[in-house]
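Q: okay, here's the prediction I keep looking at, along with the sequence it came from:
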Amino acid sequence: MGYKFDSGRFRHDLKYTRLISRDLSLDDVALQSGVSKPTISRAEKGNKIEISTFLSLCGWMGVSPCDYIKNEEKTA
């Protein structure tokens with residue numbers, strides 16, 4: 001049994017929450033989440049981020065980090 005981070009879903013949800021749900025700028029999210037503007041931009045583009053950043057952004061979105069872990073069962 002294997003687990004994989006669903007970066008595409010995280011990237012989509014982050015951008016959707018910022019732009020559609022809350023209509024916020026990167027500056028607004030940075031102030032609210034404590035994550036720098038460039039780091040948020042990198043996360044929205046799908047670049048690698050630190051686990052602490054991921055956890056902070058999940059907290060800001062109000063979602064569980066577990067929502068982005070996919071269970072990939074291996075088949076024989």
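A: That came through fine.
Q: residue nearest the centroid of the protein?
A: Closest to where the C-alpha atoms of the chain average out (Cα atoms, centre = their mean) is F10, at 4.2 Å.
Q: give the buried residues for stretch 32-42.
A: S33, V35, T39, I40 (16 or more other Cβ atoms under 10 Å). Every residue, glycine included, has its C-beta placed from N, CA and C.
Q: from S64, how far off is the first one?
A: Read that as S33. 16 Å (Cβ to Cβ, to the nearest Å).
Q: again with the last one
A: Applying Cβ to Cβ, the value for I40 to S64 is 19 Å.
Q: quick one: end-to-end distance for stretch 29-49.
A: 16 Å (Cα to Cα, to the nearest Å).
Q: now tell me what touches it from outside.
A: Stretch 29-49 is contacted by residues 7-8, 10-11, 14-15, 18, 24, 26-27, 53-54, 56-57, 59-60 when judged by Cβ atoms under 8 Å, 6 or more residues apart in numbering.
Q: biggest separation within these, which pair?
A: Maximum pairwise distance in the contacts of stretch 29-49, criterion Cβ to Cβ, is 25.1 Å, between G8 and D27.
Q: shaky segments in this structure?
A: 1, 74-76 (pLDDT under 70).
Q: okay, helices next: where are they in it?
A: Using DSSP state H, the helices of the chain run over 7-16, 26-33, 37-44, 51-61.
Q: how far away from the center of its chain is stretch 46-53?
A: How far stretch 46-53 lies from its chain's middle: 8 Å, per Cα atoms, centre = their mean, to the nearest Å.
Q: in it, which residues are buried?
A: By neighbour count on 16+ other Cβ under 10 Å, the buried set for stretch 46-53 is I49, T53.
Q: same deal with stretch 56-71?
A: Within stretch 56-71, the residues that count as buried by 16+ other Cβ under 10 Å are S56, L57, C58, W60, M61, Y68.
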